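Novice: Coordinates for the following, if possible.
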Amino acid sequence: MGDAAAWSLAGVAASAFLSATVLPGNSEVALTAFLYKWPDWLAPALAAATVANSAGSATSLCLGRLAPRKELPPRVVRGFDRFGPAALVAAWVPFVGDALPLAAGWLRLPVLPCLAWICVGKFLRYAAIGLAMRFV
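Specialist: You can find the predicted model right below:
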């Protein structure tokens, strides 16, 4: 991988990290552009996007643990009561997904299962994008 590809992959990772926080990001666009230019680098691109986006959600999870204890909407609490950390597989969903790790941290859900489910959801989203790029 050349310098341009390495820097571009770093850009994908940065975009993915920011996209998982409350900051605006467009990791799907960055990943798509990267794979359009370097289609043979699917595995490193999926790894970079998944790890960085999961790290962004992990940051939100930790920030949720630091947040002052206020009441969450009842349907959020019911969702976590019903699904537990597995609810975080939906942390990839735009807008809503950014708040799920914050809520999980606030509810003091166990960190490792939360991170595992976050990673699963993030990987599946990026893998779907990578697979779609194979047909373009």
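Novice: Can you mark which positions in the helix or strand bottoming out on mean pLDDT in the chain are buried?
Specialist: When the helices and strands of the chain are scored by mean pLDDT, DSSP states H and E, helix 74-83 comes last with a mean of 87. By neighbour count on 16 or more other C-beta atoms under 10 Å, the buried set for helix 74-83 is 76, 79-80. Any C-beta I mention is one placed from the backbone N, CA and C, and that applies to glycine too.
Novice: Let me have these in TSV, adding distance to residue 131 as columns.
Specialist: Converted to TSV, these look like this (distance: C-beta to C-beta, whole Å):
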residue	distance to residue 131
76	31
79	29
80	30
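Novice: Leaving out chain neighbours, which residue sits closest to the one residue sitting closest to the centre of the chain?
Specialist: Geometric centre of the chain, nearest residue: residue 53, 3.7 Å, by C-alpha atoms, centre = their mean. Among residues not flanking residue 53 along the chain, residue 16 sits closest, at 4.0 Å (C-beta to C-beta, 6 or more residues apart in numbering).
Novice: Check whether that neighbour really touches residue 26, as I assumed.
Specialist: No: using C-beta atoms under 8 Å, residue 16 makes no contact with residue 26, being 9.7 Å away.
Novice: neighbour-wise, which of the two wins?
Specialist: Set side by side, residue 16 and residue 26 show more neighbours around residue 16, with 27 against 13, by other C-beta atoms under 10 Å.
Novice: And the residue nearest to residue 53, how close does it get to residue 76?
Specialist: 25 Å (C-beta to C-beta, to the nearest Å).
Novice: again with residue 44
Specialist: Per C-beta to C-beta, residue 44 is found 36 Å from residue 76.
Novice: And the helices in this protein?
Specialist: In the chain, the segments counted as helices under DSSP state H are 3-19, 27-37, 42-66, 74-83, 96-106, 111-134.
Novice: hmm, back to that, show me what contacts the residue nearest to the centre of the chain?
Specialist: Neighbour list for residue 53: 16-17, 19-20, 27, 92, 122, 126 [criterion: C-beta atoms under 8 Å, 6 or more residues apart in numbering].
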